[in-house]
Structures are given as C-alpha cells and as structure tokens.
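Asks: Show me how the following folds:
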Amino acid sequence: MKTFGARLQHAMGHFGPLCVGIDPHPGLLGSWGLTDDVDGVEAFAEICVEALDGRVALIKPQVAFFEAYGSGGIAVLERTIEVLRASGTLVLADAKRGDIGSTMDAYARTWLADGPLGSDAVTVSPYLGFGSLAPALTLAEANGRGVFVLAATSNPEGAQVQRAVASDGRTIAQTMVDAAAQCNAGQEFGSVGIVLGATLTEAPDLTELNGPILMPGVGAQGGGPETVRELVPEQSLHAAVPTVSREVLGAGPSVSALRAKVSALQEEFAFLQR
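Replies: Below you'll find the predicted structure:
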C-alpha cells in the first residue's frame with residue numbers, strides 16, 4: 001500500500017502542484033444559475049467533477065458547504081468523493097476536525113477509513129494540543145491516508161493563538177510544524193502536511209517538514225506565485241500545494257472555462273515542480 005505522501009508526490013509530478021476546491025457557496029450557486037438547495041449543490045458538484053477529475057493533483061471539497069444542506073448535502077458529498085476516488089483522483093476533505101479521545105477517533109473513522117465519506121486526506125485542527133490528533137494520525141498511517149494540520153492560517157484571528165510564544169521560545173505555529181515534521185521523519189515524503197496561508201507575511205521554519213504544504217489563499221484572496229516563493233524556502237518549494245477555489249470556480253459553470261482557468265494556474269505554478 002502506497003502512502004498518501006507518495007501518491008500525492010506522484011500526482012503533483014504528473015499534473016502539477018495545484019489543489020482545487022469544490023465550494024458550493026450560495027453566491028456561486030446563484031452566479032452559475034443554480035438553485036440554493038440540494039439539487040443546485042448536486043448540479044454544481046457534477047460540473048466540478050466533470051471539469052476537474054483526472055486533471056489536477058488534489059481536489060478539496062469544503063465540507064461545510066455540503067453540511068449546510070443537511071442529509072441531502074452530505075449525500076452529494078458522499079457521491080462526489082466516491083466518483084473522484086474511484087477514478088484515482090486524490091480527495092482532501094476540508095473538514096478541519098479537532099477534538100479529543102473517542103470523539104476524535106470517530107472523526108478519524110469518518111474521513112480516513114473506508115466509510116461513505118472516506119477520503120485520501122483530511123484537514124485537522126491541532127489547537128486542543130497536537131497530541132489530540134493521535135487517532136487521526138494513527139488511522140491515516142494504517143490506511144495509507146494523509147492529514148493536513150492547521151499551522152499558520154491567514155485569518156487575522158489566528159495570530160492570537162498561532163503567533164503566541166511557547167515556553168521554549170517557539171511560536172505555537174512552529175511547534176505544530178515541528179510536531180508534523182517528527183511524524184514524517186525517516187520517510188521519503190511524509191503524509192502529514194501542514195496548512196500555511198498563502199497571504200501571510202511570514203511563515204514558520206519549514207525546512208524539516210518533509211511533507212506537503214497546503215497553501216490556501218491563492219487567487220481571489222491575494223496569494224500567488226510570488227507569495228509562495230516568499231513563504232516557502234527554496235529546498236521545500238517542491239512540497240508546496242497552492243489551493244484555489246474562487247479563482248477557478250468563478251469561471252463556471254462552463255466546463256471548458258473551468259478547465260482553461262485550471263490550465264492557466266497550473267502553468268503559473270509549474271516552477272514548483274521543476
């Protein structure tokens with residue numbers, strides 16, 4: 001069984017490093033001429049799958065936008081994950097789960113096992129302590145899945161916690177990166193990634209991470225190739241995974257327009273894999 005890190009590395013080498021979100025935001029549904037209900041979400045997801053499947057390294061459904069429609073929305077998410085994974089496209093469930101004990105174990109089984117929402121990787125929040133992630137980290141390793149740990153996000157509120165300084169002088173964000181690096185030690189390319197906002201002005205030290213660096217905030221939020229270069233050290237650029245949602249989805253609902261936008265962005269970030 002190949003690790004998630006190995007599979008992601010292969011996909012990035014083939015398609016480029018781009019991760020594209022599937023975010024059925026009500027505003028996007030309206031701009032695509034779709035209804036703000038489960039039927040609209042399903043049509044939105046089907047168009048995204050047609051446009052993106054087999055064309056990008058990683059697809060990231062934003063779980064909250066499906067959950068907002070109740071069981072019907074979750075059913076759409078299940079079908080979307082199933083279709084993408086069946087074709088070999090890697091799926092990152094952007095669920096940002098974080099809890100302790102048996103609850104975290106349940107979240108891990110939801111997203112990292114072979115159930116209806118089982119994905120190739122999931123985003124998690126470590127801010128109940130990195131150790132609280134143990135159930136997800138253990139199950140991910142056992143099942144060849146991945147975990148992306150929120151480390152340094154670009155929302156202004158995040159700095160209150162993430163830039164606080166621990167007793168050893170490191171920022172809290174740095175302690176999360178370092179803990180992820182320990183999980184990846186000894187591997188060719190680890191399966192425990194971190195989330196780093198592409199619009200930040202400074203970043204933790206990433207040189208020892210040896211795993212993927214998911215970078216939301218590209219495009220409409222102001223991040224781009226230059227901000228990635230500024231935040232990620234040269235020796236780690238191959239691990240950067242710029243993630244775009246609004247910048248791509250704004251081109252819909254035309255499948256050809258969505259594909260053209262993806263191709264343009266893949267070319268912009270091709271330097272990361274050279």
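Asks: Count the neighbours of Gln221 for me.
Replies: Burial measure for Gln221: 16 neighbouring residues, criterion other Cβ atoms under 10 Å. C-betas here are computed from N, CA, C, even on glycine.
Asks: Just give the closest residue to it, not the sequence neighbours.
Replies: Nearest residue to Gln221, sequence neighbours excluded (Cβ to Cβ, 6 or more residues apart in numbering): Thr199, at 5.8 Å.
Asks: Helices along the stretch 51-200 of the chain, start to end?
Replies: Per DSSP state H, counting those that start in this stretch, the stretch 51-200 of the chain carries helices over the ranges 63-67, 70-86, 101-112, 134-143, 159-162, 172-184.
Asks: Among those, which comes closest to Thr35?
Replies: helix 70-86 (12.4 Å; Cβ to Cβ).
Asks: count of neighbours near Val165?
Replies: Val165 has 11 nearby residues by other Cβ under 10 Å.
Asks: is it true that it touches Thr171?
Replies: Yes. Checked against Cβ atoms under 8 Å, the pair Val165 and Thr171 is within contact range at 5.9 Å.
Asks: picking that back up, could you tell me the least trusted of the helices of the stretch 51-200 of the chain?
Replies: Lowest mean pLDDT within these: helix 159-162, a mean of 95.
Asks: how about the CA coordinates for it, as PDB?
Replies: This file holds the C-alpha atoms of helix 159-162, laid out as PDB (Å, rounded to 0.1, in the frame of the first residue of the first chain):
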ATOM      1  CA  ALA A 159      -2.500  35.200  15.100                       C
ATOM      2  CA  GLN A 160      -3.800  35.400  18.700                       C
ATOM      3  CA  VAL A 161      -3.000  31.700  19.100                       C
ATOM      4  CA  GLN A 162      -0.600  30.800  16.400                       C
END
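Asks: Can you name the residues in contact with that helix?
Replies: Here helix 159-162 makes contact (Cβ atoms under 8 Å, 6 or more residues apart in numbering) with Tyr127, Ala151, Ala152, Thr153, Thr171, Ile172, Ala173.
Asks: tell me which residues of it are tucked away?
Replies: Gln162 (16 or more other Cβ atoms under 10 Å).
Asks: Repeat that for stretch 121-129.
Replies: For stretch 121-129, by 16+ other Cβ under 10 Å, it's Ala121, Val122, Thr123, Val124, Ser125, Pro126.
Asks: thinking again about what came up before, select from the contacts of helix 159-162 the one having the most neighbours.
Replies: Neighbour max across the contacts of helix 159-162 (other Cβ under 10 Å) = Ala151, 29 neighbours.
Asks: Spit out the contact partners of that residue.
Replies: Applying Cβ under 8 Å, 6+ apart, the residues near Ala151 are Pro126, Gln162, Ala173, Met176, Val177, Ala180, Ile194, Val195, Leu196, Pro204.
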